[in-house]
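Peer 1: need the 3D shape of this:
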Amino acid sequence: MRANWAQTLPAHPARRDAVIAAAWLVVGCVAWAVDLTGIWRQLAVVDPPRWVFLVTLVGATATLLLRSRRPMLALGLGAAVALADTLMGASLAVVFVLTDLIYAAVKYGSARAVRSLLRVATAAAVALAAALLLLAPEHPEVAVALVQWGLIVTVSGLWGWNVRAERKQTAAELAARHTSETRELRTRIAHDLHDLVANQIAVAGLHVEAAKLQAAKLQAQSEALAQSLDRAKKGTDRAHHELRGLISVLTLVDEAGSGAPVDVAAELAELDDLLPAGRAVRWGDGAVDALRAALPAGQGPRARILVRALQELTANAAKHGAGDAHVRVENTSSGAALTIAIENAAGNQAARSAPATGLGIEGTRALLRGIGGELQSGPTAGGWLAVVTLPNSAPGAAEDPRRTVREH
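Peer 2: Numbering: from 1, shown residues only. Reported below is the predicted structural model:
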């Protein structure tokens, strides 16, 4: 039971801080009992009774209750107590508590707070160097105490920085391993779907087609039998199409997460190739420039998925629509998102011979959802309209399109 309680401490910062504070209080009381006080009497400006060091000890250990939840506040309060303790000659226990507070501030503090702390430490180092130059000739004992203080603070800060760097490296390695394992698993799933399920569905469709041919040779052909076989064939074709789309989604997610650069301008120029001869993609004013600005070089996964979505929507216009595909790109009124509208006139059955790209509308919608985007599509008075909404993220933002594709 005790072992289990100790193992749960990392998951409960408040409890862990209380245990550490209690431990330092016990250590401090022992140090006070053996008279480890007044270790830097050369820095003292007053000569208090010994019991006063118990007060500073209790005050310093009380700040430890915030060491991991509010590390900078704890350090500020602890430094004030340590300063008062030092001006009375300093006690070893309070010095130890201060080292722990510095360590915790560097380890648990936010990146911005640590940068601020580094600037404060730099200013303190400059002030210490100036004090040494002034005090060393006439008060060498004070200079020695200040150097000791500086070394204690430096070692504590470097210790915390080292632990912080190791934690960050470990987190990065775990994230990379998780990404690699997820990609490998998704690749295996795609291969299994292709090699096992898709092929079996295709074989089933062939058998249904063969059964239809056999039924056609019968003298007394059953209309009900023919209808059942037709429905079975349509079902297998539909299942095969959906499965191919899912495989395309899985494959594209891995490609998008590979980090390979994307030439947005070249990819957009090739959209015309998806339309039959005599039809073209008509870009609105500033549409291409707006897309290139919204997808800088550092956002390869984001750009790849958006380009793939535009390819699918263009192919959809080629298959089901007629005439040119008109593309408009605009920023929303708040500037928080980019909208891309693709519109085409209604087509006829003859236009449906154009090849599909494999994703389908639902697969495209699932991909866009992985980078925070949305896809709305539907018929209009004279044709079809698809609108992609993509949030404008900062150039340095990290997107991971390999988040699970929830639906297809």
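
Peer 1: which stretches of the stretch 51-200 of the chain form strands?
Peer 2: With DSSP state E, counting those that start in this stretch, there are no strands along the stretch 51-200 of the chain.

Peer 1: quick one: the helices in it, in order.
Peer 2: 51-63, 71-86, 92-108, 111-135, 140-192, 199-217 (DSSP state H, counting those that start in this stretch).

Peer 1: mind checking the ones you listed for the one nearest to Leu271?
Peer 2: Leu271 lies closest, by C-beta to C-beta, to one member of the helices of the stretch 51-200 of the chain: helix 140-192, at 25.5 Å. Yep, even glycine has a C-beta here, placed from its N, CA and C like the rest.

Peer 1: centre of the chain versus the closest one, how much separation?
Peer 2: 18 Å (C-alpha atoms, centre = their mean, to the nearest Å).

Peer 1: packing partners of that helix?
Peer 2: helix 92-108, helix 111-135, helix 223-256 (3 or more C-beta pairs under 8 Å, 6 or more residues apart in numbering; DSSP states H and E).

Peer 1: now the element after the longest one, going C-ward?
Peer 2: Spelled out, it's helix 223-256. Helices and strands here follow DSSP states H and E; after helix 223-256, the next one along the chain is helix 264-269.

Peer 1: buried stuff in that next one?
Peer 2: Val264, Glu267, Leu268 (16 or more other C-beta atoms under 10 Å).

Peer 1: now swap in stretch 64-82 and tell me
Peer 2: 64-68, 70-72, 74-75, 77-79, 81-82.

Peer 1: report the rounded mean pLDDT for that stretch.
Peer 2: With pLDDT averaged residue by residue, stretch 64-82 scores 91.

Peer 1: go through the helices and strands packed on helix 140-192 and name the closest to Arg188.
Peer 2: helix 223-256 (10.0 Å).

Peer 1: tell me, how many neighbours does Asp17 end up with?
Peer 2: 21 (other C-beta atoms under 10 Å).

Peer 1: Thr63 versus that one, what's the distance?
Peer 2: 10 Å (C-beta to C-beta, to the nearest Å).

Peer 1: if we can go back for a sec, tell me which of the helices and strands packed on helix 140-192 sits most buried.
Peer 2: helix 92-108 (a mean of 24; mean count of other C-beta atoms under 10 Å).

Peer 1: packing partners for that helix?
Peer 2: helix 13-33, helix 51-63, helix 71-86, helix 111-135, helix 140-192.

Peer 1: Throw those into TSV and include distance to Gly372, thanks.
Peer 2: Converted to TSV, the helices and strands packed on helix 92-108 look like this (distance: least, C-beta to C-beta, whole Å):
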stretch	distance to Gly372
helix 13-33	31
helix 51-63	41
helix 71-86	32
helix 111-135	24
helix 140-192	19
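
Peer 1: among the ones you listed, which gets the worst mean confidence?
Peer 2: Minimum mean pLDDT among those: helix 140-192, a mean of 82.

Peer 1: by how many degrees do that one and helix 71-86 diverge?
Peer 2: Angle, helix 140-192 to helix 71-86, by axes from the mean of the first three to the mean of the last three C-alpha atoms, to 10 degrees: 160 degrees.

Peer 1: what segments of the stretch 301-408 of the chain are strands?
Peer 2: 321-331, 337-346, 374-379, 383-391.

Peer 1: would you format these as TSV with distance to Ala226 and mean pLDDT included?
Peer 2: As requested, the strands of the stretch 301-408 of the chain are exported to TSV (distance: least, C-beta to C-beta, whole Å; pLDDT from 0 to 100):
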stretch	distance to Ala226	mean pLDDT
strand 321-331	33	84
strand 337-346	32	85
strand 374-379	33	84
strand 383-391	34	86
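
Peer 1: need those in JSON lines (columns: distance to Ala366 and mean neighbour count).
Peer 2: Formatted as JSON lines, these follow (distance: least, C-beta to C-beta, whole Å; neighbours: other C-beta atoms under 10 Å):
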{"stretch": "strand 321-331", "distance to Ala366": "22", "mean neighbour count": "19"}
{"stretch": "strand 337-346", "distance to Ala366": "17", "mean neighbour count": "20"}
{"stretch": "strand 374-379", "distance to Ala366": "9", "mean neighbour count": "13"}
{"stretch": "strand 383-391", "distance to Ala366": "13", "mean neighbour count": "19"}
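
Peer 1: tell me which of the ones you listed lies nearest to Ile305.
Peer 2: strand 383-391 (9.4 Å).

Peer 1: closest one to Ala216 out of the buried residues of stretch 64-82, please.
Peer 2: Looking across the buried residues of stretch 64-82 and measuring by C-beta to C-beta, the closest to Ala216 is Ser68, at 77.7 Å.

Peer 1: wouldn't that closest one be in contact with Arg16 here?
Peer 2: Yes - using C-beta atoms under 8 Å, Ser68 is in contact with Arg16, at 6.8 Å.

Peer 1: can you give the domain ranges for this protein?
Peer 2: Using automatic domain parsing, the domains assigned to the chain come out as 2-176, 261-408.

Peer 1: Val95 and Ile152 touch, don't they?
Peer 2: Yes - counting by C-beta under 8 Å, Ile152 is a contact partner of Val95 at 6.5 Å.

Peer 1: shared neighbours of those two, anything?
Peer 2: Counting by C-beta atoms under 8 Å, 6 or more residues apart in numbering, Val95 and Ile152 have no shared contacts at all.

Peer 1: on that earlier part again, to Arg164, which of the strands of the stretch 301-408 of the chain lies closest?
Peer 2: Of all these, strand 383-391 comes closest under C-beta to C-beta, at 31.1 Å.

Peer 1: what angle separates that closest one from strand 321-331?
Peer 2: Going by the same axes, to 10 degrees, strand 383-391 makes 30 degrees with strand 321-331.

Peer 1: what's strand 383-391 packed up against?
Peer 2: Using 3+ C-beta pairs under 8 Å, 6+ apart: strand 383-391 touches helix 300-320, strand 321-331, strand 337-346, helix 360-370, strand 374-379.
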